[in-house]
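K.L.:
Please work out how this folds:
(4 chains)
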2 protein chains.
Amino acid sequence: MKISTGVEWMVHACITLACAPPGTPVRAGRLADFHGLPKAYLTKQLQALVRFGILHSVPGVHGGFSLARPSSEITLMDIVAAVEGRADMFQCTQIRKGGVGATFGTTGTNVPCTVQNEMAKAELAWRKALASRTLAAILDEIAKDAPTVLPVTRKWLENA
Amino acid sequence: MKISTGVEWMVHACITLACAPPGTPVRAGRLADFHGLPKAYLTKQLQALVRFGILHSVPGVHGGFSLARPSSEITLMDIVAAVEGRADMFQCTQIRKGGVGATFGTTGTNVPCTVQNEMAKAELAWRKALASRTLAAILDEIAKDAPTVLPVTRKWLENA
DNA sequence: GTGCGAATACTCGGATACCGCGTGTCCGAGTAAGTGAGG
DNA sequence: CCTCACTTACTCGGACACGCGGTATCCGAGTATTCGCAC
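P.N.:
Have a look, this model is predicted:
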């Protein structure tokens, strides 16, 4: 049930990338330095976001990563889905179809598992909450709570 | 992010236990047979629920497990918490406190992490959804969707 | 016949191995910039 | 002086080890039953 650390990394990375001037990619090594993370593994996660269409990567000497679309069109759900995958966290293994319970009273086997349904409802609430928070909204929040953070980040990115 | 299989097992186990006549514990081996699960591991999970106060265990020859309180007072949240633990699934490792970003612009370090906040909100939505579904409600749902299942289960439990 | 006590068989409970997935790392493919020579 | 092609250095990208937490299992502690015996 634990969310992998990659999600946290990627959210913060997206926040940082949102501070970069448009059209200027930031290379992975620089992002790693900024957050004090292992560059190689961070790159792996960034690639997942590229595959998902959230980030845009440009190869070559002055290459790097940049947001593939405006921060107002990137949600937390997108990032979580890219890193963790789209699979439901509660996967019904259909245990009611095995054991004595099944051979004894197989009647209900055709209807979808009620437990599965209830868990899915709860999970949907979570996903909707994540989908309702855009990266832009988070940036606003940060600008309100800690006004100096974003400008400082922007400045540091410019001093390539 | 995947929820352990133990959760599914325990929800189904609780459903089965709710069918048992009050005051008559069901032993782990019988539950395992009913669902076709390994008895030893199932027992381990059941113990977790006992420790959490959801189930009541009685030792001895005619011992076993039974619900510790009415099914209307047991929620999916209780079961998930007992098996998976109460820890948040998104744990902020405070990466913004390490790396260049911290030494360069430590300003925001005192305010709680915005990312953490947003993820916590989404998680709360999930937890509330789980907490709003009681075991009794699920039993009702099953009785509606597959009316024969619960009586058949009840009957099987009586044929000790 | 009845009460008591020890043996017993069955249960839960925690300590102990196994394994898959997330975590972390490495080296190769690809690209754009830089550089030098030639026209 | 301009153009072009080669070299080069730097980037991303996927393939390769490691460690931890969930999965699965076993044997020991505890209790109600039950059988035998003494009264």
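
K.L.:
which residue ranges form the strands in chain A?
P.N.:
With strands called from DSSP state E, chain A shows them at A:55-58, A:64-67.

K.L.:
With chain B as the reference, name the closest of the ones you listed.
P.N.:
strand A:64-67 (16.3 Å; C-beta to the nearest C-beta). Just so you know, the C-beta spots here come from the backbone N, C-alpha and C atoms, and that holds for glycine as well.

K.L.:
do the closest one and DNA strand C meet at all?
P.N.:
No. Under the criterion of C-beta under 7 Å from any atom of the strand, strand A:64-67 makes no contact with DNA strand C; the nearest approach is 11.4 Å.

K.L.:
contact partners of that strand?
P.N.:
The contact list for strand A:64-67, computed with C-beta atoms under 8 Å, 6 or more residues apart in numbering or on different chains, reads A:13-14, A:17-18, A:20, A:22-28, A:30-31, A:46, A:50, A:54-58, A:74, A:135.

K.L.:
Filter these to keep only those in contact with DNA strand D.
P.N.:
Of the residues in the contacts of strand A:64-67, proximity to DNA strand D by C-beta under 7 Å from any atom of the strand holds for A:25, A:27-28, A:46, A:50, A:57-58.

K.L.:
The residues you listed, buried ones only, as a PyMOL selection?
P.N.:
If you want just the buried ones from those in PyMOL, going by 16 or more other C-beta atoms under 10 Å in any protein chain shown, the selection is:
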select buried, chain A and resi 25+27+28+46+57
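
K.L.:
could I get the ones next to DNA strand D among the contacts of strand A:64-67 as a markdown table with pLDDT and distance to chain B?
P.N.:
Shown next, in a markdown table, are those (pLDDT from 0 to 100; distance: C-beta to the nearest C-beta, whole Å):
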| residue | pLDDT | distance to chain B |
| --- | --- | --- |
| A:Pro25 | 92 | 18 |
| A:Arg27 | 91 | 14 |
| A:Ala28 | 92 | 13 |
| A:Leu46 | 96 | 15 |
| A:Val50 | 94 | 21 |
| A:Ser57 | 92 | 21 |
| A:Val58 | 90 | 23 |
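
K.L.:
Mark which of the ones next to DNA strand D among the contacts of strand A:64-67 are part of helices, please.
P.N.:
With DSSP state H as the criterion, helices contain A:28, A:46, A:50 from among those.

K.L.:
tally of neighbours for A:Leu157?
P.N.:
Taking other C-beta atoms under 10 Å in any protein chain shown as the neighbour definition, A:Leu157 ends up with a count of 18.

K.L.:
Equivalent analysis for A:Lys155, please.
P.N.:
Neighbours of A:Lys155 using other C-beta under 10 Å come to 12.

K.L.:
What separation is there between it and DNA strand C?
P.N.:
23 Å (C-beta to the nearest atom of the strand, to the nearest Å).

K.L.:
Cheers, nothing more for now.
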